[in-house]
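Chemist: Here is my input; please provide its structure:
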Amino acid sequence: MKKEEKMSVWYMLKRFIPYFTRYKVTLILDLLCASLTAVCEIIFPLIAREISNAAIYDSASLTVGYIGKIAVFYLILRVIDTAANYYMAYNGHVMGVKIETDMRRDLFSHLQKLSFSFYSNTKVGQIMGRITSDLFDITEFAHHGPEELFIVGVKVIASFLILANVNLPLTGIIFVLIPIMLVCSLSWRGKMRDAFKKQRHQIGELNAQVEDSLLGIRVVKSFANEDIERSKFEDGNAEFKRIKRRGYLYMAAFQSTTRLFDGLMYITAVAAGGIFIIYDKINAADLMAYLLYISTLLASIRVIVNFSEQFQRGMTGIERFLEIMDTQPDIVDKPGAVEMEKFDGNIEFRNVSFHYPDDEEYVLKNISITANAGESVALVGPSGGGKTTFCNLIPRFYEVTDGEILIDGVNVNDITMSSLRNQIGVVMQDVYMFSGRVRDNIEYGKPGATLEEIKEAAKKAGADEFIEKLPDGYDTYVGERGVKLSGGQKQRISIARVFLKNPPILILDEATSALDNESERIVQKSLDELAKGRTVFTIAHRLTTIKNADNILVLTEDGIEESGKHDELLEKKGLYYHLYNI
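Modeler: Numbers count the residues shown, from 1 in each chain. Reported below is the predicted structural model:
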């Protein structure tokens with residue numbers, strides 16, 4: 001299916017309706033209450049017509065008792081209207097919130113499935129806009145859409161039947177104007193939809209820019225570049241203003257067209273009604289009822305017009321929601337993928353080549369190596385040689401372009417991603433700390449772990465001593481991205497996280513390169529402890545940290561230039577010798 005077909009209104013509504021069906025009882029009751037409010041409003045002009053006709057043609061029947069009965073009847077209608085409106089205002093909105101919650105849950109769940117390539121090409125600020133403000137617009141549409149359309153439908157149909165019964169020619173004149181009015185007013189619909197979509201995109205860009213600037217506030221201030229950040233924000237903010245002004249231009253034209261037809265409807269009814277009175281085709285009381293019903297019709301048309309604006313916002317939100325939901329992850333479990341309970345840790349690369357989907361240039365080409373269980377393999381070489389990419393292929397963060405990777409003789413593509421990644425531990429140079437307590441960040445390696453298990457992992461990582469000295473120990477709040485901790489402390493917590501996970505395969509991605517000498521010594525000791533009994537792949541720039549590796553691979557743009565133990569490679573006096581001496 002083509003994208004333009006997929007994003008047609010009917011396609012979007014078809015995808016959106018299932019969220020309604022979960023709450024169909026609430027929806028049916030909401031529409032029932034909507035019909036009651038519409039009936040209560042429609043009856044008032046009939047009451048006014050009845051009293052006026054009695055006053056003009058049968059004044060004797062117009063008694064206090066008669067008027068009192070009508071007043072009591074109308075009061076009962078208003079009580080019904082109030083109760084129905086209360087149900088709509090509360091339960092209708094709650095239904096909208098439930099739909100919003102369901103959609104946000106589905107969207108977040110889908111985001112968890114998407115591959116690294118999606119996040120490499122999508123700004124977090126854009127995603128945040130889709131998961132917050134877009135879904136709010138959808139909520140308003142979900143609640144008010146069916147309700148208002150149903151009310152308008154009841155009012156228009158009932159008004160037509162009543163007015164046609166009073167005077168068919170005048171009714172025909174009035175109702176001929178309504179579709180003309182709607183066509184003219186809604187001619188701006190496409191432009192408004194485009195404008196709203198651009199607004200959503202631009203606010204996402206602003207969110208991304210603000211997030212980028214605030215997360216890097218220390219860099220901004222250290223370079224005294226506040227003015228540059230302000231200038232960048234002003235440019236984005238000005239663009240948002242320009243786009244929004246364009247949207248309001250279309251909206252103003254939209255509303256002005258409606259007001260023009262309001263006046264045309266009234267003057268047509270008054271002029272045609274006056275002529276009909278002259279020729280005795282309608283009486284004054286009926287004309288008064290007509291004018292009251294025209295007010296009801298115009299209010300209904302304004303609802304349609306306003307709903308059209310809300311409809312565009314809702315459709316824009318649904319479209320942006322579906323754009324993500326229709327994005328498929330690059331890497332998924334194969335049908336029949338096996339659940340591997342426990343790896344021994346034997347890893348083999350067979351003629352592995354790789355290039356990124358959006359770049360035809362190979363990062364790795366024809367790589368073949370074997371790492372037996374419990375061995376340590378170090379990867380060294382100049383930047384851009386593919387060391388990190390090499391390691392990212394093992395847990396299938398990216399899919400190999402050619403060749404295959406085997407763990408214990410099984411192709412990683414034939415293993416479920418959950419069982420594969422649950423048995424691989426990764427310690428990165430840039431440690432990510434989640435906002436929360438120290439213990440929460442360690443527990444991430446094994447959700448549900450006891451405090452004793454967390455403390456034991458921290459001791460093995462050499463982190464227990466400094467954690468106990470923190471203000472609240474393991475309950476200390478680490479701040480946004482662990483800002484309250486030093487680089488070495490964060491690294492040791494990340495190592496404790498992997499100790500708790502206890503995987504048979506370990507990937508160390510320049511885990512000590514950003515640390516000072518003392519922190520590096522402490523962390524390296526923790527890493528040596530962590531590596532015992534595991535198959536380890538270490539990416540290192542500081543070659544002194546990998547002298548004891550069982551196999552050292554010198555990786556360049558041309559592939560594996562050299563391989564062997566530390567002493568063997570020094571004797572060759574090749575690239576490794578050169579890098580080591582540097």
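Chemist: Now do the SS call for the residue nearest to N422 when sequence neighbours are not counted.
Modeler: Computed as C-beta to C-beta, 6 or more residues apart in numbering, the closest residue to N422 that is not its neighbour in sequence is P503, at 7.4 Å. No exception for glycine: its C-beta is placed from N, CA and C like everyone else's. Assigned by DSSP: H, G, I helix; E, B strand; the rest coil, the conformation of P503 is coil.
Chemist: and if you look at the one 3 residues further on?
Modeler: Local secondary structure at L506 is given as strand here, using three-state DSSP.
Chemist: Buried residues of the helix or strand hosting R105, list them for me.
Modeler: Per DSSP states H and E: R105 is located in helix 93-113. For helix 93-113, the neighbour count (16 or more other C-beta atoms under 10 Å) marks H93, M95, G96, K98, I99, E100, M103, R104, L107, H110, L111 as buried.
Chemist: shouldn't the fourth one be in contact with Y23?
Modeler: Yes. Assessed by C-beta atoms under 8 Å, K98 is found in contact with Y23 at 6.1 Å.
Chemist: Tell me how far the helix ranked longest in the chain lies from the chain's centre.
Modeler: As assigned by DSSP state H, the longest helix anywhere in the chain is helix 226-278. Here the centre of mass of C-alpha atoms in helix 226-278, compared against the chain's by C-alpha atoms, centre = their mean, to the nearest Å, lies 30 Å away.
Chemist: The helix or strand just after that helix packs against which elements?
Modeler: Downstream of helix 226-278, the next assigned helix or strand under DSSP H and E is helix 284-325. Contact partners of helix 284-325 among helices and strands, from 3 or more C-beta pairs under 8 Å, 6 or more residues apart in numbering; DSSP states H and E: helix 9-21, helix 24-57, helix 93-113, helix 124-131, helix 133-166, helix 168-185, helix 189-215, helix 226-278.
Chemist: in the stretch 451-582 of the chain, which spans are strands?
Modeler: 505-509, 535-539, 551-556, 559-564 (DSSP state E, counting those that start in this stretch).
Chemist: neighbouring contacts of stretch 459-470?
Modeler: Outside stretch 459-470, the residues that touch it by C-beta atoms under 8 Å, 6 or more residues apart in numbering are 438, 455, 458, 473-474, 476, 489, 492-493, 495-496, 499, 522-523, 525-526, 529-530.
Chemist: Buried subset of these as a PyMOL selection?
Modeler: Selecting only the buried entries of the contacts of stretch 459-470 in PyMOL, with 16+ other C-beta under 10 Å as the criterion:
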select buried, resi 438+455+458+474+476+489+492+493+495+496+499+522+523+526+530
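Chemist: The contacts of stretch 459-470 in helices, which ones?
Modeler: The helices, defined by DSSP H, take in 438, 455, 458, 489, 492-493, 495-496, 499, 522-523, 525-526, 529-530 from the contacts of stretch 459-470.
Chemist: Considering those, which member attains the minimum pLDDT?
Modeler: Confidence by pLDDT is poorest for V523 among those, given 73.
Chemist: is it true that N551 touches K565?
Modeler: Yes. With contact defined as C-beta under 8 Å, N551 counts as touching K565 (7.1 Å).
Chemist: can you pull the contacts of I56?
Modeler: By C-beta under 8 Å, 6+ apart, I56 lies in contact with N283, A284, A285.
Chemist: Not counting residues beside it along the chain, what's closest to N372?
Modeler: Counting by C-beta to C-beta, 6+ apart, the residue nearest N372 is N346, at 5.6 Å.
Chemist: Could you do N207 as well?
Modeler: Distances taken as C-beta to C-beta, 6+ apart put G125 closest to N207, at 3.3 Å, once the chain neighbours are dropped.
Chemist: The one you found: how many residues sit nearby?
Modeler: Number of residues near G125 (other C-beta atoms under 10 Å) recorded here: 17.
Chemist: before we move on, what about the one 5 residues further on?
Modeler: Neighbouring residues of R130 were enumerated by other C-beta under 10 Å; the total is 20.
Chemist: May I have the residues that are in contact with the closest residue to it other than its chain neighbours?
Modeler: For R130, ignoring the flanking residues on the chain, the nearest one in space by C-beta to C-beta, 6+ apart is R320 at 5.1 Å. R320 sits next to G129, R130, D134, K197, R200 when contact means C-beta under 8 Å, 6+ apart.
Chemist: any idea how far R320 lies from P329?
Modeler: 19 Å (C-beta to C-beta, to the nearest Å).
Chemist: try A457
Modeler: According to C-beta to C-beta, A457 stands 31 Å off from P329.
Chemist: the more surrounded of these two?
Modeler: Comparing A457 with P329 by other C-beta under 10 Å, the one with more neighbours is A457, at 26 against 14.
Chemist: right, and the more buried one touches S494 too?
Modeler: No. Look at A457 against S494 with C-beta under 8 Å: they stay out of range, at 11.1 Å.
Chemist: Phi and psi next, for N366.
Modeler: N366 adopts backbone torsions of phi 50, psi 50, taken as degrees, to the nearest 10.
Chemist: surely it meets D558?
Modeler: No. N366 is beyond contact range of D558, at 10.1 Å (criterion: C-beta under 8 Å).
Chemist: what residue ranges in the chain score low on pLDDT?
Modeler: When residues are selected by pLDDT under 70, those of the chain lie in 1-7, 57, 59, 186, 189-190, 193, 218-219, 222-223, 305, 511-516.
Chemist: Which residue lies nearest the spatial centre of it?
Modeler: Nearest to the mean C-alpha position of the chain, counting by C-alpha atoms, centre = their mean, stands I131 at 3.1 Å.
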